[in-house]
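# output the structure for:
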Amino acid sequence: MPQSPSGAVVIGGGIGGLAAAAALHLAGRPVTVLERARSLEPVGAAVSLSPNALRALDVLGVGDRIRDLAAWQGDGGLRAPGGRWISRTDAAAAAERFGGPLVLLHRAVLIDALAGLLPPGAVRTSAEARLADPGDDRRPARVSTPDGDLEAGLVVAADGVHSTTRRTLFPAHPGAVYAGFTTWRTVVPVPGVRFASHETWGRGCLWGTHPLEDGRVYAYAAAMTPAGRHAPDDERAELLRRFGHWHSPVPEVLAAVRPEDVLRHDVHHIADPPPAYHRGRVALLGDAAHAMAPTLGQGANQAVEDAVVLAHLSGDLAAYTAARLPRTTAIARRAARVARVDMMRDRAGIALRNVVIATASRLRPGLLLRGFDGIADWRPPQPPYAAVRTDADRR
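Below is the predicted model:
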């Protein structure tokens, strides 16, 4: 049965797609989410949410719930593989500067919270979807599925970094390209190990370790490597070879990891943005519009921002492009620049980089926070539906 032309169809049931569906539902639109996987159980580990995304989640009414379920990031910093601290971060100073904390939680927790905002039957899993017609001012858009076509007044393409919808809308666009490095992620319990959150930069590689609210540890790693490579044995063994000799708690985390606990993915990003984030009645959202390197931790954050802005401007997709394309392009380019710095291979360059960062952190402690000015301080165009708690409220 066709969808109502006044309704919305969302292609993709990840963080961005579900956030968009929730925002549109709250705005009064009938919405259907088409997810090709058999369930909404996310493939992935943890996700960091900065104050900009938490304010967007406040608009959806789940910001405080996420703050309660997430680990609030405490003091930590940047380290060298031998353990020396290059710079320290002050969580309180960051929260004061940007109006809230940085939090970390498992992706499944966020997916569940967003899906819970939707009415029963709004999400269809095992639903392959293809844009058949983007529509225009005179006719609705049309999405083809194995069960028949759906017509909609709005189609939201949240179908990921290799979006087929983006290729349909803009066939001349080059799409996502390999960013030059691969990532590993894991979430494991590591009993008895105490540590401060940190990211450690090596030569063409990095490692990060952060505690989660449920007592488990989220760890991630990245390394410059040709695309499509995999370990000859298993990815845990590859991590041991690359990082097993680094400072504590890296060896302790790896000792707790099983091979099946490790996810490995090559990083692809959109180096050149598409000409617009919309065409006809179709809007691109999240990685489908602006896949970016994870070095600023903004991929999911920008998708949630997209969602609330789209719901606010869904009657004017040109305004959505105008609001989102410049901002996300600038952030994606900044993430690519950061990747070139933290994945540096030249030994002399690494030594100079570390000295500059350490000196800047010592002489002007808040200087490094400026890298998130214009990102973490973003505010939604509409007021929140929920109260926003502070760190003092939480204690």
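
# alpha carbons only for contacts and neighbour counts from here, please
Noted.

# other residues contacting stretch 360-373?
With C-alpha atoms under 8 Å, 6 or more residues apart in numbering as the test, stretch 360-373 has contacts from S87, R88, A93, A94, F98.

# what of stretch 123-142?
So stretch 123-142 is contacted by 5, 11, 13, 32-40, 143-146, 149-155, 164-165, 168-169, 279-282 (C-alpha under 8 Å, 6+ apart).

# PyMOL command to pick out the buried ones of these?
A single PyMOL command selects the buried members of the contacts of stretch 123-142 (16 or more other C-alpha atoms under 10 Å):
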select buried, resi 5+11+13+32+33+34+35+36+40+143+144+149+150+151+152+153+154+155+164+165+169+279+280+281+282
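
# what about the contacts of stretch 123-142, which are in strands?
11, 32-34, 143-145, 149-152, 154-155, 279, 282 (DSSP state E).

# for the longest strand belonging to the chain, buried residues please.
Among the elements of the chain assigned as strand by DSSP E, the one spanning the most residues is strand 177-189. Applying a neighbour-count criterion of 16+ other C-alpha under 10 Å, one finds Y178, A179, G180, F181, T182, T183, W184, R185, T186, V187, V188, P189 buried in strand 177-189.

# tabulate those in CSV, adding columns for distance to W207.
As requested, those are exported to CSV (distance: C-alpha to C-alpha, whole Å):
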residue, distance to W207
Y178, 20
A179, 17
G180, 16
F181, 13
T182, 12
T183, 10
W184, 9
R185, 10
T186, 12
V187, 14
V188, 15
P189, 17
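
# who's in contact with R88?
R88 neighbours (C-alpha under 8 Å, 6+ apart): D75, G76, G77, L78, S361.

# which SSE is it in?
Assigned by DSSP states H and E, R88 falls within strand 85-89.

# strand partners of that strand, parallel vs antiparallel please.
Take DSSP bridges as the rule and strand 85-89 pairs in its sheet with strand 76-79 (antiparallel).

# returning to what we had before: just flag the most distant two among the buried residues of strand 177-189.
Y178 and P189 (31.8 Å; C-alpha to C-alpha).

# local confidence estimate at the residue located most distally from the centre of the chain?
Computed with C-alpha atoms, centre = their mean, the residue of the chain farthest from its C-alpha average is R138, at 35.3 Å. Note for R138: predicted pLDDT of 95.

# ok, it to S6 distance?
Counting by C-alpha to C-alpha, to the nearest Å, the gap between R138 and S6 amounts to 13 Å.

# and if you look at P294?
P294 is 36 Å from S6, by C-alpha to C-alpha.
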